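**Student:** No sequence on hand, only this structure:
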């Protein structure tokens, strides 16, 4: 396990369809984050989990978005009834919290294109 | 919530010159400030970070400075090399809230001309 894995790397979907992305964090990491990044912008926070508990959700996460992290391992992010504005790179990151270590490890992302 | 502003949006330097990228933040509760480097088509990677209890941190050719009073922090890259070309993002969060969700700046595209 050498990093954070995301699947798929690319997804093209028609407007109105549902999509689901998967993130496998570094195995010993207890925190998992989802971010969205549009072209030319920095990543925007969507939600985060500590173990299996979803501790915070951004207001960017409308009711069409849902995220889960069953058993505190991998996570899924589902977007229902996709809209063209959902087109973006969806980044997952994980971290292990201890004194002196605060940085994230990001995955390579899932690029979503809604047509 | 936190708001992080970053400038310049683009920066072109000659190989061997220094590059400085600046960020300001709005939330006085923020106390952790990382910098990420993102090469084209790749994941953001942490290059250096600083906590608010120190004013400066250095790691080889890169350094970060923090001015808590003015709420700004900067990334300094010395002796730039073509492989330093990338987009750099600053970010801020509060370790005390336990959330550690980062608020990112909008990025600086650095081009190092050989």
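**Tutor:** In hand now; what should we look at? Note that the structure is predicted; figures quoted are calculated from it, not measured. Numbering: from 1, shown residues only, chains lettered A, B, ... in the order given.

**Student:** ok now stretch B:64-82, how far from the chain's centre?
**Tutor:** 7 Å (Cα atoms, centre = their mean, to the nearest Å).

**Student:** Show residues contacting that stretch.
**Tutor:** By Cβ atoms under 8 Å, 6 or more residues apart in numbering or on different chains, the surrounding residues in contact with stretch B:64-82 are B:13-26, B:28, B:33, B:35, B:48-50, B:52, B:54-57, B:61-63, B:84, B:88, B:90, B:110, B:112, B:114. (Glycine included, C-beta is placed from N, CA and C.)

**Student:** let's go with 6 Å and repeat that
**Tutor:** For stretch B:64-82, the surrounding residues in contact (Cβ atoms under 6 Å, 6 or more residues apart in numbering or on different chains) are B:13, B:16-25, B:33, B:35, B:48, B:50, B:52, B:55-57, B:61-63, B:84, B:112, B:114.

**Student:** quick one, what contacts the residue of chain B found nearest chain A?
**Tutor:** Nearest to chain A, among the residues of chain B, is residue B:104, at 3.1 Å (Cβ to the nearest Cβ). Contacts for residue B:104 (Cβ under 6 Å, 6+ apart) come out as A:42-43, B:89, B:91.

**Student:** What sits closest to the closest residue to chain B within chain A if chain neighbours are left out?
**Tutor:** Per Cβ to the nearest Cβ, residue A:42 is where chain A lies closest to chain B, at 3.1 Å. When the adjacent residues along the chain are set aside, residue A:42 lies closest to residue B:104, with 3.1 Å between them (Cβ to Cβ, 6 or more residues apart in numbering or on different chains).
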